[in-house]
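Enquirer: sequence and predicted model, in that order:
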Amino acid sequence: MADADRGYRLAESLTRAAGRTYFLASRLLPVDGRRAVFALYGYARTVDDVVDGAGGSQPRSARLDALENGLAAALAGAPVPAGLSRDEADMLAALAESVDRFAIPAETFEAFGRSMRMDLPGDPLFRNRYATLDALAEYTYGSAAVIGLQLLPILGAAPDPDTARGAALLGEAFQLTNFLRDVGEDLNRNRIYLPLDHLGAFGVDEQELRHDATAGTAGPRMRRATAHLIAVNRDQYRRTLPAIASLPRRSRPAICAAARSYSAILTAIEDRGHDVFAARAVVPVHRRLGHAVTAVAGRPALG
């Protein structure tokens, strides 16, 4: 039988190692909420690693099917089917327990799975270029917006359409920040998430992206495109502020801290002259700790 308690511990270790901003922000939540965040992150990280081809001898599509079927079984209270490791079965049990405890909408996991299949070569949904920001939003709804929606009941937020829209937008803002930080890494996987029309407006095409990546430094056109997309991203964060302010006082600091730390990645990119190819932009631990302290003190999420 799957062990949910062990699953929470495994998910916590995974979050600590791979999701440092989420891990630090989660420490500001009550224990039950914290464990649920770990369970959500553990599942998302595991699926994302499968799609990126990390570990396992099975085809990626079969591994993804097994995880999705395992989650469906766990949510239904049925035994986890064969084909999953003990660690995966235990983390799925933890996630199912959290979904039940906080009434997290099960359909959000379907949307998440759809977007993960958009990253999977050979899948009918596969896509690795996005012509416009609206086209990208189809992907980021499942990969990021639904994560915000999953967190709302954990945060104790009252059902409210404006808060839900803000939570979804914050997830998308985090995702666009990731895309700006990881342009080179994504290009190595033959993925371009930044919308091609926004890049093209500054004269950047795929050939130029690859040239800059090979050179290890962004050219003038790419730097201008990056500055523009950072402005778009900052506007996303700005529009989430009313929703963050509406969160319960007990859980609001966690989201404030995460928003500050993620938006600080944009500042790190700016500080190196908008060069997204020279090195990966990071926010030092001491600054993330400072964001947590600031959030607990009741300061706004940004600024």
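Expert: On my side now, so go ahead.

Enquirer: what's the longest helix in the chain?
Expert: The longest helix of the chain (DSSP state H) is helix 220-245.

Enquirer: how is this structure divided into domains?
Expert: 1-106, 127-303 (automatic domain parsing).

Enquirer: state the number of residues packed around residue 17.
Expert: Neighbour count of residue 17, defined by other Cβ atoms under 10 Å: 10. (Glycine included, C-beta is placed from N, CA and C.)

Enquirer: tell me how far it lies from residue 45.
Expert: 9 Å (Cβ to Cβ, to the nearest Å).

Enquirer: again with residue 94
Expert: 13 Å.

Enquirer: for the helix or strand where residue 290 lies, packing partners?
Expert: Element membership of residue 290 [criterion: DSSP states H and E] is helix 285-296. On a contact count with 3 or more Cβ pairs under 8 Å, 6 or more residues apart in numbering; DSSP states H and E, helix 285-296 meets helix 20-26, helix 252-271.

Enquirer: want to try CSV for those, with mean pLDDT as columns?
Expert: Formatted as CSV, these follow (pLDDT from 0 to 100):
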stretch, mean pLDDT
helix 20-26, 88
helix 252-271, 95
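
Enquirer: and residue 194, helix, strand or coil?
Expert: coil (DSSP: H, G, I helix; E, B strand; the rest coil).

Enquirer: again with the one 10 residues further on
Expert: Going by three-state DSSP, the secondary structure assigned to residue 204 is coil.

Enquirer: residues touching it, list them.
Expert: 221, 222, 225 (Cβ atoms under 8 Å, 6 or more residues apart in numbering).

Enquirer: give me the buried subset of those.
Expert: Buried positions within the contacts of residue 204, assessed by neighbour count (16 or more other Cβ atoms under 10 Å), are 221, 222, 225.

Enquirer: what's the closest residue to residue 1 other than its chain neighbours sitting at in phi/psi?
Expert: Counting by Cβ to Cβ, 6 or more residues apart in numbering, residue 79 is the residue found nearest to residue 1 once chain neighbours are left out, at 7.9 Å. Dihedral pair for residue 79: phi -60, psi 140, per degrees, to the nearest 10.

Enquirer: how many residues are close by residue 164?
Expert: 16.

Enquirer: roughly how far does residue 201 sit from residue 182?
Expert: With distances taken as Cβ to Cβ, residue 201 is found 21 Å from residue 182.

Enquirer: who has more neighbours out of those two?
Expert: The neighbour comparison of residue 201 against residue 182 (other Cβ under 10 Å) goes to residue 182, with 17 against 13.

Enquirer: secondary structure class for the spatially closest residue to the more buried one that is not a sequence neighbour?
Expert: In space, and not counting its chain neighbours, residue 182 is closest to residue 280: 7.4 Å by Cβ to Cβ, 6+ apart. Assigned state for residue 280: coil (three-state reduction, three-state DSSP).
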